[in-house]
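> Have a look; sequence and predicted model below, questions after that.
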Amino acid sequence: MDLSVVIPTLNGRDQLVAGLDALATHVPGAEVIVVNGPSTDGTTGMIRDRDDVDVLIEVSARTATVARNAGLEAATGDAVAILRYDLVVEPSWLAGVEDGLAEASVVTGPTHRTLDGGMTTEESERRTVGSREVTYFNGGNVAFRRPVLDALDGFDEYLETGGDRDAAHRLAGLGYGVAWRSQMGVRQEYSADGGVTGNRGEEFRLLAYRLVKNYGVRPAATGTARRAVRDAVDAGFKVVRGDLDPTEWFATGRAVIGGVGRGTVDGFVARLRDRSPAHNPHGTSDRVDRAVTRYDWR
């Protein structure tokens with residue numbers, strides 16, 4: 001198996017150094033492609049001083065889907081893995097990739113996170129959506145056989161986040177299986193910061209887009225409305241308890257409604273643009289090369 005490893009990164013030089021060191025130790029001979037975009041922390045100089053990176057692509061966009069697609073286009077292996085810059089492969093990682101791809105067209109594994117109180121990890125996640133059983137994969141630790149990526153046409157660049165969730169739905173629609181291998185582990189050490197509150201309007205825009213594009217308006221409306229109502233009720237209880245200001249509740253509700261509306265329209269247009277099972281009108285075949293600079297040492 002000829003393996004390419006694509007690593008999107010953004011202002012993560014120190015973490016990336018650890019990840020590249022681990023790859024050189026545990027996955028010797030892999031083609032390593034780093035997509036750096038647009039970092040200001042000296043990442044480019046660090047990579048140019050190493051001899052274990054085959055391709056460095058500098059992109060102007062900050063989104064993971066754009067970086068992933070740029071790396072996928074440069075990869076030449078018959079299997080392609082995608083790793084997050086701040087994750088370190090464990091010694092059994094390559095064996096997990098090889099074993100998983102012998103069973104399925106896509107394989108993923110856990111991220112082990114070291115906390116003050118111990119270690120946490122993820123498990124395989126599945127969900128039935130309509131008539132499909134969707135197996136989600138770890139977007140920072142996944143490997144594909146090349147024909148699968150061609151069938152998917154890469155990731156949907158409309159999505160600033162959630163491109164891996166969207167790809168999981170499309171994999172299910174195309175009939176591809178996803179294997180889970182615990183030995184395909186990666187590690188991340190960090191201190192918990194209590195989490196970050198996201199933009200609820202944007203979150204629901206992207207959710208509505210993914211569901212409408214992949215399943216149509218009616219099934220998507222049911223799933224999106226169910227989640228919006230559940231979140232609104234939870235927030236309502238917070239208002240009653242005094243944990244949330246009523247004006248913030250109403251403002252968030254307006255943002256959610258606006259996000260759902262825009263995502264529904266954009267998803268419907270995307271579904272019309274690409275009626276194939278891939279459902280990816282913003283994939284690699286449609287993309288404009290956003291590379292600012294490309295270093296190829298192969």
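That came through fine. Numbering: from 1, shown residues only.

> And this structure, what are its domain boundaries?
3-194, 200-273 (automatic domain parsing).

> So which of the ones you listed is nearest D289?
Evaluated over these, closeness to D289 peaks at domain 3-194, with 7.7 Å, by C-beta to C-beta. C-beta here means a position set from N, CA and C on the backbone, and glycine is covered the same way.

> what about that closest one, average pLDDT?
Per-residue pLDDT values across domain 3-194 average out to 91.

> most tightly surrounded among the domains of the chain?
domain 3-194 (a mean of 19; mean count of other C-beta atoms under 10 Å).

> and the longest helix along the chain, what other elements does it pack with?
The residue-count maximum for a helix in the chain (DSSP state H) belongs to helix 246-273. Using 3 or more C-beta pairs under 8 Å, 6 or more residues apart in numbering; DSSP states H and E as the contact criterion, the neighbours of helix 246-273 among helices and strands are helix 200-215, helix 217-241.

> worst average pLDDT in those?
Out of the helices and strands packed on helix 246-273, helix 217-241 stands lowest, with a mean of 67 (criterion: mean pLDDT).

> picking that back up, orientation of the longest helix of the chain relative to helix 200-215 in degrees?
Here helix 246-273 points in a direction 30 degrees away from that of helix 200-215 (axes from the mean of the first three to the mean of the last three C-alpha atoms, to 10 degrees).

> Next SSE downstream of helix 246-273?
Downstream of helix 246-273, the first helix or strand assigned by DSSP states H and E is strand 291-296.

> Now do that next one: distance to the chain's middle.
Computed by C-alpha atoms, centre = their mean, to the nearest Å, the chain-centroid distance of strand 291-296 equals 22 Å.

> cool, stretch 97-115 as well?
Computed by C-alpha atoms, centre = their mean, the separation of stretch 97-115 from the middle of its chain amounts to 14 Å.

> May I have that stretch as PDB, with CA atoms only?
What follows is stretch 97-115, C-alpha atoms only, in PDB (Å, rounded to 0.1, in the frame of the first residue of the first chain):
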ATOM      1  CA  VAL A  97      -4.900   1.800   8.800                       C
ATOM      2  CA  GLU A  98      -3.700  -1.300   6.900                       C
ATOM      3  CA  ASP A  99      -6.100  -3.600   8.700                       C
ATOM      4  CA  GLY A 100      -9.100  -1.300   8.400                       C
ATOM      5  CA  LEU A 101      -8.600  -0.700   4.600                       C
ATOM      6  CA  ALA A 102      -8.400  -4.400   4.100                       C
ATOM      7  CA  GLU A 103     -12.000  -4.600   5.300                       C
ATOM      8  CA  ALA A 104     -13.600  -1.300   4.200                       C
ATOM      9  CA  SER A 105     -12.900   1.600   1.900                       C
ATOM     10  CA  VAL A 106     -12.600   4.100   4.700                       C
ATOM     11  CA  VAL A 107     -11.100   3.600   8.200                       C
ATOM     12  CA  THR A 108     -11.000   5.900  11.200                       C
ATOM     13  CA  GLY A 109      -9.800   5.600  14.800                       C
ATOM     14  CA  PRO A 110      -9.900   7.300  18.200                       C
ATOM     15  CA  THR A 111      -8.300  10.500  19.500                       C
ATOM     16  CA  HIS A 112      -6.800  10.000  23.000                       C
ATOM     17  CA  ARG A 113      -6.800  13.300  24.900                       C
ATOM     18  CA  THR A 114      -4.800  13.700  28.100                       C
ATOM     19  CA  LEU A 115      -6.600  15.700  30.700                       C
END
